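> generate a structure from the sequence data that follows.
(chains A and B)
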Amino acid sequence: MYAPHTEHDVREMLDVIGVTSLDALAAPPRGLAIAGDLDVPPAMPESVAYQHLRELSRKNQPGDVDASFLGAGAYRHYQPPAVPYLATRSEFITAYTPYQAEASQGSLQAIFEWQTYVCLLTGLDVSNASVYDGSTALVEGVIMASQATGSKRVVVSAALHPGYRAVLKTYADGMGIEIVDAPLLSNGTTDIPASMDGAAAFVVQSPNFYGCIEDVAACAKAAHAAKALCVEVIVEAMSLGALKTPGECGADIAVGEAQSFGLPVGYGGPYVGFVATTKEHVRRLPGRLVGETHDVDGRKAYVLTLQGREQHIRRELASSNICTNQALCALFATIYLATVGAHGLRSIAAANMARARDLRKALLSLDGVTARFDAPFFNEFAVRLPVAASRAVDALKPHDIVAGLPLSRLGSGDENDLLVCATETTSIEGIARFAARLKEVMEHAVAAV
Amino acid sequence: MPSLLFEQGEPGRGSSFVDDAGTPADYLDASLLRKDLPLPDLAEFEVTRHFVALSHRNFSVDTNFYPLGSCTMKYNPKLNEAVSAFSGFADLHPLVDDGCAQGALQMMWRLERTLSSLFGMEAFSLMPCAGAHGELTAMLMAKKYHRDRGDHKRATCIVPDTAHGTNPASAAMVGYKVVSVPSTPHGRTDLAALRAVLDDTVAVCMMTNPNTLGLFEDDIVEMTKAVHDAGGLMYYDGANANAIVGLCRPGDMGFDLMHLNLHKTFSVPHGGGGPGAGPVGASARLAPYLPVPRVVKRDNDGKGAEFALDSAAPNSIGPVRVFASHFIALVRAYAYIAVHGLDGLRRNSQLAVLNANYVRERVKDLLTLPYADRCRHEFVCSAEELKKSTGVRALDIAKGLLDAGIHAPTMYWPHVVPECLMIEPTETETKETLDEFVEVLRGLVSQAHADPDSMRELPRNTAVRRVDEAQVGRLANKGIGLRWTPGG
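Alright, predicted model coming up:
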């Protein structure tokens, strides 16, 4: 219990109000009071609750930090301690949405800095102040493209993260948007449709779900030829430290997930999505935007702006229903980017590529393991094993190795296909341990046959 | 004003984070690589001082009283922060096998059951990321429910004029036509006006209870019955659940769908505008439409319970985000519920009502109370009379509060009350704080009468003073001033 009231306080306050008891004051009208008991566990003293939650956390098996090869939309990266140290200051954590600019300059400036980072990283003109996650950012990007073109059809790469595609389908079903698939080429990249006439957008993820780097410039060119927009999806934001930007490629809208920038994988959230676009589409951006201005004394100041797009002003005419700005997660990402800087981000991106190539070499050296695709990749790629991928994952689990994602689990490959990822947190020793154990599993399987 | 990060640092400054692995050009063809990476390089100390300086320019619950209506800014117990940082939660990948996530799944299952029981719903989905996301999820469910029944005429959503803007926006996103219903002079949704717009095109009616004036909708049971009789569904916006937890249940009032704001009611910090979480509850007939995956509990061949994420629900709308939930936010809410139990939760609701009514009673000689009834956890008052006699507006009062270190109440909303200030003290504030708030307000009202012009000069002591919002809007329309640019 964290309410501070003593019985004496309560009595004094009830006297001022002129009511005899708390029960009488707060009772619901019309016989709506709860009848009977509820399925709510009894209260625990704080120390017991702490122990209880620690026990629950220990029932989970997150695996060893240096031997975790699971990516597929959530990436384990090193979190510099400065990031949580600063981002969890209670002046940030316990603040409200910055509607009162004079009392929120800290949050507002941090959001303005986040918007700037997203623009610098994506090579686009404007960015919103963040949306829930990468998958809902994708939906917002598709809605923007639909509004901009007046079309309700989108062409979507088959190499889009299947979880993202499923989320897009949920919304599309409710909003009457038609999804057309663009198939996969044998090298692991998207087969760009010859014609996209009448489409609002061509949606392509790069690096794509299989880790392959797409020719986004060619995708954008094809989209523009059909008067459609190109929406680039970035699921592994760390790739922005190395790869050609959406802006350089001619994408009109970049949407993505910035969990990689200092946020823990946290069993799926909260993460932080972003949407960036060209100046031309600024009024179609969902969610919050912070702009720079001055106060009455001429001092530089930050304030929420273009609120005319938003639900609290425009109600049913708003461009989106989003109310949150996911500010704290954006703050983690902002502090992360400030801490690592250009030099750090480039070297971390390089380290991701180095470890992923070490991993690929180690796996492909094993008898019977083949590369699933041969397109260039960043830090993630698919292999085909001589055994069922889920069997390998199960067998390595007791060794605290999280072996990767069996692609059949998300309906994106054969049962022997495994998607693996290495980041800067992956160690050479971890890779060696993974390869050695996997070899045992495969030999055991062969012996059993 | 701390300069922007982009105006600080020097190329090459900063720590090293990884072993030297070369550069991206060592691994990929130059045609695949970005031309430049124009981010500032800063020393960790510069970053630290920068963000500590920014933090000093923020009001927060931990530093200031936040009597902000419609958003329940209660104290965030520090236990929540400690337990949400446990490695077994923070480092758990969302795609691990269910067998590796038994603790997380058990917690989610328990939280779902607890919320379902507390609010009288058949089931809850923990997936939605925020209250507005929960509303949208529920609208998608309503739409699919009617469609699956072949009831294709239902294309309107009824929303009272006092509702949060997210309600109409969420309804519009799924293509519903929004029909507004006014409130009565007593501050309740007009039952007769509601009945007048009911027909066989109504898909859903979105209600907030207690409503945004802080008043319990006395006719709520009649309203749910009337909408049901017309074949529509009832949606409960749980933004104001802090007034009812453990006291009454939307399910008992007849609601089919609802959302909660875990950051409001269950003490997940607001974070400057997120992240929160917006679980959606459903009655028995709507539960099959909840998003997947759902947490299920199975008997593991007599070896005890086993928890799993289940996506096999034929009527489900599908997932509304890529992974199962804002899990770390759920840990915080679970911790809050664990230390309170039913009795503690109920008492918090009662104390929230107590604090609101105490302040309401004490400010009634300072500002106008437009509604005679006692309030629930929040109330609205009006500076209209003050404005008529002095020219001082609600905005000026709000800015005066900022100068006194008190966050402003919600202003000018709902629109049905002129010069509106909406006050919600929450249960975690002491009587002393509330008394001090009343005295500050009294001082401002006196100042308004004595020297009204000086009120328009407020605030004077905040990080910046009143900002020019018009200018930034004009530029932002052209995409200017929304980011730092080299050379200013």
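
> ok, now which ones touch residue 119?
This is for chain A. Residues near A:Cys119 by CB atoms under 8 Å, 6 or more residues apart in numbering or on different chains: A:125-127, A:276, B:483. Placement of C-beta: from N, CA and C, glycine included.

> think we crossed wires, I meant chain B
When contacts are taken as CB under 8 Å, 6+ apart, B:Phe119 is in contact with B:238, B:241, B:249-251, B:258, B:260, B:281.

> pretty sure B:Leu194 sits against B:Ala226.
Yes: contact criterion CB atoms under 8 Å: B:Leu194 and B:Ala226 qualify, at 6.5 Å.

> between these two, which one's more packed in?
B:Leu194 (22 against 18; other CB atoms under 10 Å in any protein chain shown).

> what strand or helix carries that one?
Assessed by DSSP states H and E, B:Leu194 sits inside helix B:191-196.

> what about the helix or strand following that helix, average pLDDT?
Next in sequence after helix B:191-196, counting helices and strands by DSSP H and E, comes strand B:202-208. Average pLDDT, strand B:202-208: 98.

> how about strand B:202-208, does it reach chain A?
No: judged by CB under 8 Å from any CB of the partner chain, strand B:202-208 and chain A are separated, with a smallest distance of 11.4 Å.

> for the next helix or strand after that strand, packing partners?
Sequence order places helix B:220-229 as the next helix or strand after strand B:202-208, per DSSP H and E. Judged by 3 or more CB pairs under 8 Å, 6 or more residues apart in numbering or on different chains; DSSP states H and E, the packing partners of helix B:220-229 are helix B:191-196, strand B:202-208, strand B:233-238, helix B:250-253.

> on that earlier part again, so which of the contacts of B:Phe119 also contact chain A?
Near chain A, by the rule CB under 8 Å from any CB, you find B:Arg249 out of the contacts of B:Phe119.

> now the contacts of B:Phe119 in TSV, with neighbour count and pLDDT?
As requested, the contacts of B:Phe119 are exported to TSV (neighbours: other CB atoms under 10 Å in any protein chain shown; pLDDT from 0 to 100):
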residue	neighbour count	pLDDT
B:Gly238	29	97
B:Ala241	26	98
B:Arg249	25	98
B:Pro250	29	98
B:Gly251	21	98
B:Met258	30	98
B:Leu260	31	98
B:Gly281	31	98
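
> relative to chain A, which of the contacts of B:Phe119 is nearest.
B:Arg249 (6.0 Å; CB to the nearest CB).

> burial of B:Pro182, as a residue count?
B:Pro182 has 12 nearby residues by other CB under 10 Å.

> what do you get for the one 3 residues further on?
Applying other CB under 10 Å, we find 9 other residues in the vicinity of B:Pro185.

> okay, and it sits in which element?
Applying DSSP H and E, one finds B:Pro185 in no helix or strand.

> just the pLDDT for B:Met73.
96.

> same thing with A:Val204?
98.

> go on, B:Thr162?
87.

> now do B:Gly488
64.

> can you list the residues of the stretch 151-300 of chain B near chain A?
Residues of the stretch 151-300 of chain B lying near chain A (CB under 8 Å from any CB): B:164-166, B:168-175, B:178, B:216, B:218, B:220-221, B:243-244, B:246-249, B:252-253, B:267, B:269-277, B:291.

> dump the residue contacts of the closest residue to chain A within the stretch 351-488 of chain B.
At 3.2 Å from chain A, B:Gly479 is the closest residue in the stretch 351-488 of chain B, using CB to the nearest CB. Contacts for B:Gly479 (CB under 8 Å, 6+ apart) come out as A:125-126, A:278-280, A:282.

> closest residue of the stretch 151-300 of chain A to chain B?
A:Gly268 (2.8 Å).

> and stretch A:74-90, which residues are buried?
A:74-80, A:82-84, A:86-90 (16 or more other CB atoms under 10 Å in any protein chain shown).

> tell me, which of these make contact with chain B?
Near chain B, by the rule CB under 8 Å from any CB, you find A:74, A:76, A:78, A:80, A:82, A:84, A:86-90 out of those.

> one step back: spatially, which two of the buried residues of stretch A:74-90 are the most separated?
Spanning the widest gap among those are A:Tyr75 and A:Ser90, at 28.0 Å by CB to CB.

> quick one: contacts for residue 345?
All of this is about chain A. Per CB under 8 Å, 6+ apart, neighbours of A:Leu345: A:238, A:240-241, A:337, B:37, B:39.

> ah, I was thinking of chain B
Contacts of B:Leu345 by CB under 8 Å, 6+ apart are A:40, B:118, B:245-246, B:337.

> can I get the residues you listed in a markdown table including distance to A:Phe202, neighbour count and pLDDT?
What follows is those, written out as a markdown table (distance: CB to CB, whole Å; neighbours: other CB atoms under 10 Å in any protein chain shown; pLDDT from 0 to 100):
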| residue | distance to A:Phe202 | neighbour count | pLDDT |
| --- | --- | --- | --- |
| A:Val40 | 50 | 23 | 97 |
| B:Leu118 | 46 | 27 | 98 |
| B:Val245 | 47 | 26 | 98 |
| B:Gly246 | 51 | 21 | 97 |
| B:Ile337 | 46 | 26 | 98 |
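
> can you tell me which of the residues you listed lies nearest to A:Val296?
B:Val245 (42.8 Å).

> which helix or strand contains the closest one?
Short version: B:Val245 belongs to no helix or strand, going by DSSP H and E.

> all strands of the stretch 1-150 of chain A, in order?
Along the stretch 1-150 of chain A, counting by DSSP state E, counting those that start in this stretch, strands occupy A:126-127.

> the most centrally placed residue in chain A pairs with what?
Nearest to the mean C-alpha position of chain A, by CA atoms, centre = their mean, lies A:Glu257 at 3.4 Å. Using DSSP bridges, the beta-bridge partners of A:Glu257 come out as A:Gly273.
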